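Colleague: okay, here's the prediction I keep looking at, along with the sequence it came from:
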Amino acid sequence: MPEEPPATTAAPAAAPAAAPAAVDIPADGVLTIEGRERDQAVAILDRLGSGPAPAVTALSLDPLVLGLEWGPEDEARVLAALRAVGPGLQALSLSPYAINMCMGPAVAEAAVGLCPALQRLSLREAPCAAETLEGLGALAHLEEIALGGIAVSIHAPLPVPPLAALGKCASLRTLELTNTGLGDAELTAIAQGCPGLTDVDLTSSDLLTGAGVAALAGACPGLRRLDLRQCEQVGPEGVRALAGCPSLKELDLQRVRGAA
């Protein structure tokens, strides 16, 4: 008798794909992705990017939680998350001193282009294209910005960043532009467009002279705090101009010529 073919068993059905991890959004809408394990950070970003987007109003991301082996898939995760929650974001922080080790300029571009309602933005040491910095002028609700160190970005150094666009952000109150290559023309444009500035940090602005500081003092009568450490070119002219700031309470002039 012919042998019967061996019985076949059906292959087990593939397990359904796991649903994106739930994201616990605090009642105030503030989400922090810092100090977590990589797997946790990836799960949160994947959930944000998969939609429907939760009601996130503030996002703080430390790129190093994703590891120094940061790759294109991680950048894609961050971009997808920003596309999903960006329209409702009022505050965005990409952790200082870490970005230029792993992120490309597309992340800063997305931060500026996809988040029109931002009131607070921190992109310290972020690799930024010139077009991204020029796009900052479209953030009509911006009140605080920190861009320290962008001039020394590993990915996209900008010897003279086009920061004058910030002069279009009329609601700006707090400005941090340490070590950005800021010069007199840029500071003058910002001061004239943002007369409500109260807190300004320009540490290590090597190109800044007394003319720029005088323009700031003249255009922003409510200035309360000013940091000019290591702005060696400011000189006596700039120091004298600050005498006309009636609201100035904190002033740092370390290593400013003529400050004594």
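Modeller: In hand now; what should we look at?

Colleague: now the helices: where do they sit in the stretch 151-260 of the chain?
Modeller: Under the criterion DSSP state H, counting those that start in this stretch, helices of the stretch 151-260 of the chain are mapped to 184-193, 210-219, 235-241.

Colleague: now the first one: mean pLDDT?
Modeller: Per-residue confidence for helix 184-193 averages out to 97 on the pLDDT scale.

Colleague: centre-most residue in the protein?
Modeller: Leu123 (2.2 Å; Cα atoms, centre = their mean).

Colleague: now do the contacts for the residue nearest to Thr209 when sequence neighbours are not counted.
Modeller: Spatial nearest neighbour of Thr209, chain neighbours left out: Gln233 (4.7 Å); criterion: Cβ to Cβ, 6 or more residues apart in numbering. (C-beta placed from N, C-alpha, C; glycine too.) Neighbouring residues of Gln233 by Cβ atoms under 8 Å, 6 or more residues apart in numbering: 206-210, 257.

Colleague: could you redo the last one with a cut-off of 10 Å?
Modeller: Neighbour list for Gln233: 183-184, 205-213, 256-257 [criterion: Cβ atoms under 10 Å, 6 or more residues apart in numbering].

Colleague: will you turn these into a markdown table that also has neighbour count and distance to Ala55?
Modeller: Below are the contacts of Gln233 laid out as a markdown table (neighbours: other Cβ atoms under 10 Å; distance: Cβ to Cβ, whole Å):
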| residue | neighbour count | distance to Ala55 |
| --- | --- | --- |
| Gly183 | 20 | 41 |
| Asp184 | 20 | 43 |
| Ser205 | 29 | 39 |
| Asp206 | 13 | 43 |
| Leu207 | 17 | 43 |
| Leu208 | 25 | 41 |
| Thr209 | 18 | 46 |
| Gly210 | 23 | 48 |
| Ala211 | 19 | 46 |
| Gly212 | 26 | 41 |
| Val213 | 30 | 42 |
| Val256 | 23 | 46 |
| Arg257 | 15 | 51 |
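
Colleague: quick one: stretch 181-191 to chain centroid distance?
Modeller: Centre-to-centre, stretch 181-191 and its host chain are 19 Å apart (Cα atoms, centre = their mean, to the nearest Å).

Colleague: can you classify Ile145 as helix, strand or coil?
Modeller: strand (DSSP: H, G, I helix; E, B strand; the rest coil).

Colleague: just give me the neighbour total for it.
Modeller: Neighbour count of Ile145, defined by other Cβ atoms under 10 Å: 22.

Colleague: same deal with the one 4 residues further on?
Modeller: Burial of Gly149 is recorded as 21 neighbouring residues (other Cβ under 10 Å).

Colleague: so it makes contact with Thr178?
Modeller: Yes - taking contacts as Cβ atoms under 10 Å, Gly149 lies within contact range of Thr178: 6.8 Å.

Colleague: which residues do these two both contact?
Modeller: 124, 204.

Colleague: where does pLDDT dip in the stretch 151-260 of the chain?
Modeller: The model of the stretch 151-260 of the chain has pLDDT under 70 over residues 151-160, 260.

Colleague: hmm, 50 instead?
Modeller: Scanning the stretch 151-260 of the chain for pLDDT under 50 picks out the ranges 152, 154.
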